[in-house]
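# model this:
(2 chains)
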Amino acid sequence: MSKLTRDDVLKLARLSRLRLTDEEVVQFTEEFNDILGYIEQLDQVNTDGLMPTSQVTGLKNVTRPDVEREYQAQPSALLANAPATQDGMFKVKRVL
Amino acid sequence: MTDWLPIKQIAEQVNTGKITAMSLVEKSLSLLNKHADYKAIIVAIEDRARERAEAIDKQVSAGESAGRLAGVPFIAKDNFLTFGSETTAASNILRGFHAPYQASAIERLEAEGAICVAKANLDAFAHGSSTENSDFFTTLNPHDKDRVPGGSSGGSAASVALGMAPFALGTDTGGSIRLPASFCGVVGYKPTYGLVSRSGVVAMGSSLDVIGPLTRTVEDAAIVFDVMAAKDELDATTIDRDELDYSSFSSSSLQGKKVAVIKEYVGEGLDDDVRAAVEQTVTRLKTAGAEVSEISLPSLPLALAVYYIICPAEVSSNLSRYDGQRYGFSSTDAATVDESYEFTREQGFGAEAKRRIMLGTYVLSSGYYDAYYRKAQTVRTKIINEFLAAFADYDILVGPTSATPAFKIGENSHDPLKMYLTDIMTVAVNIAGLPAISVPSGARSSLPIGVQFIAAQTHDRDLLAFAHAYEELSS
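Here you go, the predicted structure:
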C-alpha cells in the first residue's frame, strides 16, 4: 500500500478536527508509516469464505421501548460542566 | 506488603459491628498519603467516602446489613464516572469535569456498601501500556521505582500492590487490566465481553472494552465481579449473567482439567524468567492432576495488527465527542465554533490520543475501509474460530501475560510501535471477547511475573475456579 505523505497527514488532521505543529506533522507521518507497515501484514492473510465480526457475543439490534424515564443526571448538573450557557442551553461561538 | 483481610471477612466484620466502615476509610486514606510518592492516585475522594462510611456505620448500628461489600474501600481508575471528585481519564481535555451521573458498575458496588476512596492514574483515555501517556504524571512500579507499573490501569494495579485498598477497578481493551496486574504482582481479571455494563465509563474501543477488578486474590476478584455483573439497559451490549454467584466455586480441583499452553506465546523472544514462570506453572498444574499439552493457534500473532486497526477506528469515533462545547476543557482562543473545536482538541489531547484519532480516521476513510477495517474484522473472525476450535478440546489456555517483567520508565516511550507490541500476549483475548485472568506466578528477583489463564466466552465461573485452585497450589 502507498506511503502516507505530509499532505495526507494534514488532511487527516483536518478531518479529525486537530491542528498540528510542523514538528508533529513530521513525527506523525513517520510513525504512521511504521504502524501501517506493521498492520499491513494482514494483506497476506487468506480470509476467503470468512465474514467480518463486529460484535463478539452475537447480539443483534438490541432495542428498548421508546419511553420517557427518570435518569440519574439532572439538567443543572449537565449544564454546570459547560464552558458557557444561556437560558438553560449550551452557548457556542458564532458559526459563520 | 498489605494487611487487608479478604473482602468477604472485611464486610462480615463491618456488618457485625466488629470494625467500622469509618476506620477502614481512614486507614485507606492514610495509606494513600503514605505512598503518595508512587503517584498511583490522581485524587482522593475524602469527603464523600467519609459521608458514606458514616451512613454505613449508622445502618449497621440500626441492625441492618450494609451489603456484601459493607465498608470495603476501593479505588477506581479515573475513567469511571464518580461523584465526589473530578473524572479526567488522566487527560487534559477532561480537566474540571464533574460527572453528572455515576458509572453503573460504581452504583452496583455502592449498593452493596463498597466505598470509593480515590481515582487512580492511567494512560490518558486508557491509551497505553505504562501510564507514561497520562497527561498528568507517570506512576512508579511498587517493586522498583525506576520501572513502569504497566498500563493502562497502572495506578489501579500499583494501588492494590501498595495495599492502599483491598481492590481497585480497571478497564481492559487490549490488556489494560492484565498487563499492569502482572507488572505489579496482583490479580487482574478481564471478564467476558458484555458481562459488566460500561455505562458511565469513558469509552475507548467499544467492541473491545470491558471492566474488571484488580485484587490480591482470585476470590476477591470473583466477589467484586459478581457484584458488578448484570444486564443494564444503559449499555445495550450487556449479556445475561449466570444466576449463581461467580465466587461460589463449585470445585477447586484441577484433577483432569484439560489445559493447553499456547505455543505462539512461548516462542522466541520470551524473557528467560518469564519462560521459567510458565514452565513452573505447567509443572504445578500437572502435579495437581491437570492434563497439560501444547496447542498452536497460528493466527494469534495477527491479533495485534487487527487490534491496531479496530481500536483506533473506534477511538476516533468515541473521542469525537470531546469538542469543548458541553464539558471539559474549552480553548478560549477561538472566535468561531469551528476554531473552538480545533483549538480545544489541539490543546486538550495528548500525542497518543491524536495518533489514534488520526490513524482511526485513516483506516475508516473512503477507499481504505475495505483494505484495513473490513480486513481486520474478517481476520478477527479467523482468530475467534481458532479459539472456538481450541475450546472444543481444552478447558483452559495458558500463556504468559507479558513477554517481559516491568520495563524501565522511558524504555519504550519514544517508539509508539514498540510500546504497542507490549500487548502482544493480551490483545487476542479482547479481539475474541473471552474471559482471562492474570495471576502472579514467579518473579525476576524483585520483579513480579504474571501468568494468564484464558477460558471460552461466558465460562467465567470455570476460569475463576481454576485460577483460585491454582492460587491455592502456589501459595
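# neighbours of B:A126, how many?
Counted with other Cβ atoms under 10 Å in any protein chain shown, residues neighbouring B:A126 total 29. Heads up, the C-betas are built off the backbone N, CA and C, glycines and all.
# for it, give me the pLDDT.
Model confidence at B:A126, expressed as pLDDT, equals 97.
# quick one: it and B:A89 touch, right?
Yes - B:A126 lies in contact with B:A89 (Cβ atoms under 8 Å); the separation is 7.1 Å.
# quick one: common contacting residues for those two?
Residues touching both B:A126 and B:A89 by Cβ atoms under 8 Å, 6 or more residues apart in numbering or on different chains: B:79, B:202.
# which parts of the longest helix along chain A are buried?
Looking across chain A with DSSP state H, the single longest helix is helix A:22-39. Within helix A:22-39, the residues scored as buried using 16 or more other Cβ atoms under 10 Å in any protein chain shown are A:24, A:27-29, A:31-32, A:35-36, A:39.
# would you list those residues in CSV and tack on distance to B:D220 and pLDDT?
Converted to CSV, the buried residues of helix A:22-39 look like this (distance: Cβ to Cβ, whole Å; pLDDT from 0 to 100):
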residue, distance to B:D220, pLDDT
A:E24, 44, 95
A:Q27, 43, 96
A:F28, 42, 96
A:T29, 47, 96
A:E31, 40, 95
A:F32, 42, 96
A:I35, 38, 94
A:L36, 42, 95
A:I39, 38, 94
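# can you narrow the residues you listed down to the ones near chain B?
Restricting the buried residues of helix A:22-39 to those near chain B by Cβ under 8 Å from any Cβ of the partner chain leaves A:24, A:28, A:31-32, A:35, A:39.
# and the residue nearest the centre of the chain?
Looking at chain A here, since you left the chain open. Central residue of chain A (Cα atoms, centre = their mean): A:S16, 7.6 Å from the mean position.
# not quite, go with chain B.
When chain B is reduced to its mean C-alpha position, the nearest residue by Cα atoms, centre = their mean turns out to be B:I177, at 2.6 Å.
# for B:N385, which non-adjacent residue is spatially closest?
The shortest distance from B:N385 to any residue other than its chain neighbours is 7.8 Å, reached at A:L50 (Cβ to Cβ, 6 or more residues apart in numbering or on different chains).
# what about B:S320, how many neighbours?
Look at B:S320: counted by other Cβ under 10 Å, it has 15 neighbours.
# what's the answer for the one 4 residues further on, then?
Summarising burial for B:G324: neighbours were counted as other Cβ under 10 Å, giving 25.
# could you do the one 5 residues further on as well?
One way to gauge burial is a neighbour count; for B:F329, by other Cβ under 10 Å, it gives 21.
# quick check: phi and psi on it?
Taking degrees, to the nearest 10, you get phi -60, psi 140 for the backbone angles of B:F329.
# got the contact list for the longest helix of chain A?
Contacts made with helix A:22-39 from outside it, assessed by Cβ under 8 Å, 6+ apart, are listed as A:1, A:3-6, A:8-10, A:13, A:20, B:304-305, B:308-309, B:351, B:354-355, B:358-359, B:362, B:372, B:376, B:416-417, B:420.
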